[in-house]
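In: Predicted coordinates and the sequence they were generated for:
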Amino acid sequence: MEMDEHMLACIKALAENRIQDAKKEAICCCLNDNTKKNKTKVTYFKKLLENGSTNMFELPPNCLNMVSHI
């Protein structure tokens, strides 16, 4: 399977730590995938990318100290 422009852009954005750009490119990759065997997973991942994750993220210790002083 050959990588298209969106796949390469997604990898580049991840490598450069540009998460939001990577998410946009990953959504494009989901839209471009028209295989029946992947349909359920692609639909799920696309919704997750569009709506964001419900997971809570832990703040780094240096930011945690700043928040506790507010």
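Out: Structure's in. What do you need? The model shown is predicted, which means the values in this text are computed figures rather than measured ones.

In: Going along the chain from the helix or strand that contains Cys28, find the next helix or strand for me.
Out: Using DSSP states H and E, Cys28 sits within helix 19-32. Remark: after helix 19-32, the chain's next helix or strand is helix 39-51, criterion DSSP H and E.

In: Taking their axis directions, that following helix and helix 19-32 sit at what angle?
Out: Helix 39-51 runs at 150 degrees relative to helix 19-32, counting by axes from the mean of the first three to the mean of the last three Cα atoms, to 10 degrees.

In: For helix 39-51, list every residue counted as buried.
Out: Val42, Phe45, Lys46, Leu49 (16 or more other Cβ atoms under 10 Å). C-beta here means a position set from N, CA and C on the backbone, and glycine is covered the same way.

In: and Cys10, how many residues sit next to it?
Out: By other Cβ atoms under 10 Å, 21 other residues sit near Cys10.

In: buried sites along the helix or strand hosting it?
Out: Following DSSP H and E, one finds Cys10 within helix 5-15. For helix 5-15, burial by neighbour count (16+ other Cβ under 10 Å) applies to His6, Met7, Ala9, Cys10, Ala13.

In: Low-confidence stretches in this protein?
Out: 1, 53-60, 64-70 (pLDDT under 70).

In: tell me the centre residue of it?
Out: Most central in the chain under Cα atoms, centre = their mean is Lys23, positioned 3.5 Å from the mean C-alpha point.

In: For that residue, give its distance to Lys36.
Out: According to Cβ to Cβ, to the nearest Å, Lys23 stands 25 Å off from Lys36.

In: Can I get the buried residues of helix 5-15 in CSV including distance to Cys63?
Out: Below are the buried residues of helix 5-15 laid out as CSV (distance: Cβ to Cβ, whole Å):
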residue, distance to Cys63
His6, 33
Met7, 33
Ala9, 30
Cys10, 28
Ala13, 24
